[in-house]
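# the following comprises the amino acid sequence and a computationally predicted model.
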Amino acid sequence: MKLSPTLLVLALSAAALPAFADEPAPADPLSFNVGGVTEYRYRGISQSRLKPALQGGIDYAAANGFYVGTWASTIKWIKDAGTINSVDAGKTGQEIDLYGGYKTEVAKDLTLDVGGLYYLYASNKYGNVPGGANANTFEIYGALTFGPVTAKYSHSTTNLFGNADSKGSGYFDVTANFDLGDGLSLAPHVGHQTVHHLGVASYTDYSLTLTKDFSGLALSAALVGTDANKSFYVSPEGKFLGKTTLVVGLKKTF
């Protein structure tokens with residue numbers, strides 16, 4: 001098998017989130033990490049059919065506040081949608097995210113972050129799924145951080161993750177990050193996904209994540225759940241993909 005772009009990214013891999021420029025400038029603005037999770041949950045919904053996933057990415061944070069990066073994960077939902085609907089949705093088993101933006105402190109303890117994020121599902125045929133469209137998605141986002149709390153809004157300028165006629169969908173979330181000392185942090189989160197013209201796909205998600213950092217090796221445990229529609233977000237085996245569960249992850253940062 002030829003080496004896919006995603007596997008190449010995973011081979012180099014790095015962080016799921018950018019190394020933001022208002023933080024103390026690192027000796028090297030380029031950062032890498034790689035890791036795995038017992039399940040890939042995005043906005044509360046399993047992207048890996050409740051199974052483990054490999055993840056990683058690469059980030060570059062310039063001293064002037066601009067950043068770019070890429071992130072990748074193994075997934076199952078595109079192929080699963082084809083299985084459920086007895087169509088060829090493609091065998092896409094990877095998600096590649098490409099993003100860039102600008103982050104700066106606009107007032108004391110108040111940080112602004114704006115940018116764009118493209119979700120690439122190479123060779124997907126999600127348009128073959130009834131009510132589906134190309135799964136590739138582009139969102140613009142803006143976030144404000146005050147102290148430990150970040151409020152963020154993401155707005156799709158394309159159809160959202162393969163849902164036809166869903167351009168203009170939005171996701172609003174609030175996340176806090178509390179430093180407990182000794183390398184421990186606690187992050188409560190709540191978000192709401194609105195899918196334009198498809199009310200059955202809209203839902204609220206929530207999580208509580210405890211992370212322990214061992215000098216660049218981070219072990220995390222997240223309690224994740226949603227109030228999503230149990231018939232819409234379902235696996236080929238009929239399992240609810242937004243159920244409350246514990247997700248454990250391990251990530252090494254370089």
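The structure has been received and is ready for your questions.
# which positions in stretch 185-195 come out as buried?
For stretch 185-195, the neighbour count (16 or more other CB atoms under 10 Å) marks Ser185, Ala187, His189, Gly191, His192, Gln193, Thr194, Val195 as buried. Every residue, glycine included, has its C-beta placed from N, CA and C.
# among these, which are in strands?
Ser185, Ala187, His189, Gly191, His192, Gln193, Thr194 (DSSP state E).
# make TSV out of the residues you listed and add pLDDT.
Below are those laid out as TSV (pLDDT from 0 to 100):
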residue	pLDDT
Ser185	98
Ala187	98
His189	98
Gly191	98
His192	98
Gln193	98
Thr194	98
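# farthest pair within those residues?
Pairwise distances across those (CB to CB) peak at 29.1 Å, for the pair Ser185 and Thr194.
# what mean pLDDT does stretch 169-178 have?
Averaging pLDDT along stretch 169-178 yields 98.
# stretch 76-92 too?
Average pLDDT, stretch 76-92: 97.
# ok so, going back, pick the one among the ones in strands among the buried residues of stretch 185-195 closest to Tyr233.
Using CB to CB, those come closest to Tyr233 at Gln193, 10.7 Å.
# which one is that closest one nearest to, not counting chain neighbours?
Closest residue in space to Gln193, ignoring its immediate chain neighbours: Tyr171 at 4.9 Å, by CB to CB, 6 or more residues apart in numbering.
# ok, the one you found - how many residues close by?
A count of neighbours around Tyr171, defined by other CB atoms under 10 Å, yields 19.
# surely it is in contact with Ala143?
No. Using CB atoms under 8 Å, Tyr171 is not in contact with Ala143, being 11.5 Å away.
# what touches both of the two?
Tyr153 (CB atoms under 8 Å, 6 or more residues apart in numbering).
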